[in-house]
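**Q** could you work out the structure for the sequence below:
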Amino acid sequence: MEVVLEMTLPRSAESAPLVRHTLDASLRGLGVPPEVRADIALALGEACANVIQHATAGKDYEVRARMDGAKCVVEVIDGGAVVTMTEGADAPRTPSGWDAPLAPPGAEHGRGLQLMRAFTEEVHVLDRVQRNGAIVHFEKSFAG
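**A** Residues are numbered from 1 along each chain as shown. Sure thing, here's the model as predicted:
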């Protein structure tokens, strides 16, 4: 069985818990273990928090999740600031703001990407093609 969720949400703090609970309910219905669901919820919360705090160009953002029997693939898509592409660059580039150095120990902010990488697999942050903003993509295997 495959479950696909697509949500367009307002860029407000109230939207993050809604999307986390919706995705968690789907994962629970598929029998995904609680510890795997917690990892996905943490990564999703960090991606949503970044959009809510920093993607000032859009009023909304999108969350797309696809779950099958083996893994969950999530994309959080924002309409953030204009990103200038380097002329002649063929490879996708990390949007500005996501390529900052690692947060120092004890920092209260700046650890979202580090947490996503620690708790999930295949974390990528890419520019949106022909549109402003970024796509945060991560995957999590149900095997843990």
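
**Q** so how many other residues sit close to Arg128?
**A** Using other CB atoms under 10 Å, Arg128 has 15 other residues around it. For the C-beta atoms, the positions are set from N, CA and C on the backbone; glycine is no exception.

**Q** same check, this time on Gly69
**A** Residues within reach of Gly69, counting by other CB under 10 Å, total 10.

**Q** how about it, secondary structure?
**A** Applying DSSP: H, G, I helix; E, B strand; the rest coil to Gly69 yields a three-state assignment of coil.

**Q** my read: Asp68 touches Glu2, true?
**A** Yes - between Asp68 and Glu2 there is a contact at 4.8 Å, judged by CB atoms under 8 Å.

**Q** so where's this protein uncertain?
**A** By pLDDT under 70, the weakly predicted segments of the chain are 56-57, 80-111, 129-131, 144.

**Q** what about the helices in it?
**A** 15-29, 34-54, 112-119 (DSSP state H).

**Q** gap between the last one and the chain center?
**A** Spelled out, that is helix 112-119. Mean C-alpha position of helix 112-119 versus that of the full chain (CA atoms, centre = their mean, to the nearest Å) differs by 10 Å.

**Q** quick one, that helix and helix 34-54 angle?
**A** Angle, helix 112-119 to helix 34-54, by axes from the mean of the first three to the mean of the last three CA atoms, to 10 degrees: 170 degrees.

**Q** export helix 112-119 as CSV, just CAs?
**A** The C-alpha coordinates for helix 112-119 follow below in CSV (Å, rounded to 0.1, in the frame of the first residue of the first chain):
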residue,chain,number,x,y,z
GLY,A,112,17.9,22.0,12.1
LEU,A,113,19.8,20.6,9.2
GLN,A,114,22.2,18.7,11.5
LEU,A,115,19.2,17.2,13.3
MET,A,116,17.5,16.2,10.1
ARG,A,117,20.7,14.5,8.9
ALA,A,118,21.1,12.7,12.3
PHE,A,119,17.6,11.3,12.4
